[in-house]
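1. Requesting a structural model of the entry that follows:
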Amino acid sequence: MRYFLDTEYNGFGGALMSLALVPEDDAQEEFYTVLTPPARIEPWVERHVVPYLNTVPEHLKDAPVDRDSAAHHLAHYLAADPEPEICADWPEDLSQFSMLLVTGPGVMVTVPPFTLRLLTLPGFSPAKNSDVPHNALHDARALRDHVINHLA
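-> So this is what the prediction gives:
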C-alpha cells in the first residue's frame, strides 16, 4: 500500500520532531508520532511548528517519545504491510524516515521491505494545502489528497 509521509524537524538538517504516515486507503489507521524536542529549538520552528504538534485527533495524541520508542512504534505500524511504498514530496522527509529506523550503531528496527518514492509535484505545497500547516499529519493528508485527486 502507498503511504504518504511528512515530517517536521528542527531546521535544516535538524532533529526529527514529528512524523506522519497517511495510508492511501483512508479506512486504514494513520500513524503519527511526536518525538521529545531537542534542548534548543530553532526560532522559526518554535513559531511555526511547535504550537501545532498536537493538533491531531485525540486517538493519535500521545506524549512525546524518545527516538527509540518512535522507531519501534513505526516498525509495529508497518509490520502488517508486506511491501509498503513510502511517498513524500521532499527529500528530507524520506531521509528523516530512513534515519528513524536506525536505533544504534549497526542496529535498526525490523521492517518489511519497502520502497521510497520522491514525488515531484510542481506548484504543490503541503503548507498551502494543509488544514493545519506545518503539522506532519495534516501535511501528509494534504499530500495524499493531492496525489489521489490529481495524479491517481
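2. Contact partners for D139?
-> If you count contacts by CB atoms under 8 Å, 6 or more residues apart in numbering, D139 has them with 6, 20, 126-127, 130, 133. Glycine gets a C-beta too; all of them are placed from N, C-alpha and C.
3. what's the lowest-pLDDT member of those?
-> Within these, A127 has the lowest pLDDT, namely 82.
4. gap between that residue and E8?
-> 11 Å (CB to CB, to the nearest Å).
5. which residues do these two both contact?
-> H134.
6. neighbour-wise, which of the two wins?
-> E8 (25 against 13; other CB atoms under 10 Å).
7. Correct me if wrong: I41 contacts E8.
-> No. Using CB atoms under 8 Å, I41 makes no contact with E8, being 11.0 Å away.
8. just curious, which of the contacts of D139 is nearest to T115?
-> Nearest to T115, judged by CB to CB, of these is D6 at 17.3 Å.
9. What pairs with the strand or helix carrying the closest one, parallel or antiparallel?
-> Using DSSP states H and E, the element containing D6 is strand 2-9. Looking at strand 2-9 with DSSP bridges, its partner strands are strand 16-23 (antiparallel), strand 85-88 (parallel).
10. Distance from the chain centre to the longest one, please.
-> So the one you mean is strand 16-23. Strand 16-23 sits 2 Å away from the centroid of its parent chain (CA atoms, centre = their mean, to the nearest Å).
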